[in-house]
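Visitor: fold the following.
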Amino acid sequence: MSLVKDIIVAVKGYCMGAANVVPGVSGGTIALVSGIYEEVVGALNAVMSPAPWKALLHGQFKEFWKGVHGRFLLWLVIGAVLSIFTLAKLIEHELAYHPILVWAFFFGLILASAFYMFRDIKGWKVRDVLFAVAGALIGLVVCTLSPTTTPDSKWFIFLCGALAICTMILPGISGSFILVILGKYDYIMSAVSNMDVPVLIVFALGCAVGILAFAKFLNWLLAHWERQTMLVLLGFVLGSLVKVWPWNDLDSCAHAQLLRTGFMPAEMLESGSSAGAYNVLTGLGETLDRQVPGAIIWCVIGIAVIVSIQLLSRKKN
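Guide: Residues are numbered from 1 along each chain as shown. Alright, predicted model coming up:
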């Protein structure tokens, strides 16, 4: 029976990993729906507690393993890692060939998540609106003033990992969404898909340092300033929607059109031509118009996914 329980934990970890791969779906929400949220939080707190590590230093491995909920975390991580590696290639392929539909799906996910964040905040006052507006302005500024391309340097990948992992304990925001804002979502998905070990190691180190350095602070922030934090986060999510607008990146739309039609060899897509030049070659405008109904459908599907998760979460509560 214990092996069956371990496999069930791994399946739940797989679902959490799948959620963390997709911007707009929080792995914490999946943990809540699947009934392991409290155990996940308890295990993370145990890992950051000094007692198990003292036991390890004294050679008491069994006490250490039990203290950090080792068996539970091991199977949870196995499921999550398996999920990330199996889904990354699919998402990378779809982003290359159907970016508008994929981003429309993400847009629906994030929009619906923002709605539920808004609904959970009761008794709005003027100062609450100011907090939300401030968050929206921050999100808008970050997304519009950030460079189109961000560095691929190891220090920046490390920073991305540290920031992305911290959002796992913040309601309403997924780590993948942070990677989108930082312009590294495609890059990390490609690294996972192609098993780029150096990049993955640096990113994982960033995640480890981030969770150890900031988790306690974020927990304190939510404990003492939960309402203000949620208001700023809500505004930030709404302001950041410009980053996931399906037609935000015309170059990627043009690349996808060329890949689908085979009008130009894939090797020529690295030439750095502008979307305007692609438009002449491929009739990009007509292609974008034809994808509007599909984008609307996938946006609605994204909204439906969040609604379903919230209904399950409410039932679980």
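Visitor: and for residue 31, nearest residue in space, chain neighbours not counted?
Guide: residue 37 (4.3 Å; C-beta to C-beta, 6 or more residues apart in numbering). Where C-beta positions appear, they are placed from N, C-alpha and C, glycine not excepted.
Visitor: just confirm the one you found contacts residue 43, I think it does.
Guide: No. Residue 37 lies out of contact with residue 43 (C-beta atoms under 8 Å); the separation is 10.9 Å.
Visitor: what is the neighbour count of the residue nearest to residue 31?
Guide: A count of nearby residues for residue 37, using other C-beta atoms under 10 Å, gives 16.
Visitor: per-residue confidence at it?
Guide: You'll see residue 37 listed with a pLDDT of 70.
Visitor: now do the strand or helix carrying residue 293, average pLDDT.
Guide: Per DSSP states H and E: residue 293 is located in helix 292-316. Mean pLDDT, helix 292-316: 82.
Visitor: and it, what does it pack against?
Guide: On a contact count with 3 or more C-beta pairs under 8 Å, 6 or more residues apart in numbering; DSSP states H and E, helix 292-316 meets helix 27-33, helix 99-120.
Visitor: centre of the chain versus the helix or strand that the first one is followed by, how much separation?
Guide: This means helix 27-33. As assigned by DSSP H and E, the chain's next helix or strand after helix 27-33 is helix 37-47. Centre-to-centre, helix 37-47 and its host chain are 20 Å apart (C-alpha atoms, centre = their mean, to the nearest Å).
Visitor: by how many degrees do helix 37-47 and helix 292-316 diverge?
Guide: 80 degrees (axes from the mean of the first three to the mean of the last three C-alpha atoms, to 10 degrees).
Visitor: can you pull the buried residues of helix 37-47?
Guide: 37, 39, 40, 43, 44, 46, 47 (16 or more other C-beta atoms under 10 Å).
Visitor: show me what stretch 75-93 is in contact with.
Guide: Stretch 75-93 is contacted from outside by 6-7, 9-18, 20-22, 27, 36, 40, 43, 102, 186, 189-190, 192-193, using C-beta atoms under 8 Å, 6 or more residues apart in numbering.
Visitor: for it, list every residue counted as buried.
Guide: 75, 76, 78, 79, 80, 82, 83, 84, 87, 88, 91, 92.
Visitor: for stretch 88-108, measure first residue to last.
Guide: 20 Å (C-alpha to C-alpha, to the nearest Å).
Visitor: gap between that stretch and the chain center?
Guide: 14 Å.
Visitor: now residue 187. Nearest residue, chain neighbours left out?
Guide: The shortest distance from residue 187 to any non-neighbouring residue, by C-beta to C-beta, 6+ apart, is to residue 152 (6.7 Å).
Visitor: how about that neighbour, secondary structure?
Guide: For residue 152, the assignment made with DSSP: H, G, I helix; E, B strand; the rest coil gives coil.
Visitor: tell me what whichever strand or helix holds residue 128 is packed against?
Guide: Following DSSP H and E, one finds residue 128 within helix 126-145. Judged by 3+ C-beta pairs under 8 Å, 6+ apart, helix 126-145 is in contact with helix 175-181, helix 226-239.
Visitor: what are the buried residues along the first one?
Guide: Spelled out, it's helix 175-181. Buried-residue list, helix 175-181, by 16+ other C-beta under 10 Å: 175, 176, 177, 178, 179, 180, 181.
Visitor: give me the neighbour count for residue 245.
Guide: Neighbour tally, residue 245, other C-beta under 10 Å: 13.
Visitor: residues in contact with the nearest residue to it once chain neighbours are set aside?
Guide: Excluding the flanking residues, the one nearest residue 245 by C-beta to C-beta, 6+ apart is residue 107, at 6.7 Å. Residues counted as contacts of residue 107 (C-beta under 8 Å, 6+ apart) are 241, 244, 245, 246, 299, 302.
Visitor: wait, the second one sits on residue 105?
Guide: No. Under the contact definition of C-beta under 8 Å, residue 244 does not touch residue 105, with a separation of 9.6 Å.
Visitor: show me which helix or strand of this protein is least confident by mean pLDDT.
Guide: Within the chain, no helix or strand scores below helix 275-282, which has a mean of 49 by mean pLDDT, DSSP states H and E.
Visitor: ok, back up a step: how far away from the center of its chain is the helix holding residue 293?
Guide: With C-alpha atoms, centre = their mean as the basis, helix 292-316 stands 16 Å off its chain's centre.
Visitor: show me which residues of that helix are buried.
Guide: So for helix 292-316, counting by 16+ other C-beta under 10 Å, buried means 295, 298, 299, 302, 303, 305, 306, 309, 310, 313.
Visitor: tell me who's in contact with the second one.
Guide: Residues touching residue 298, when contacts are defined by C-beta under 8 Å, 6+ apart, comprise 101, 102, 104, 105, 108.
Visitor: buried subset of these as a PyMOL selection?
Guide: PyMOL command restricting those to the buried ones, with burial defined by 16+ other C-beta under 10 Å:
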select buried, resi 101+102+104+105+108
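Visitor: residue 199: which of the contacts of residue 298 is nearest?
Guide: residue 102 (21.8 Å; C-beta to C-beta).
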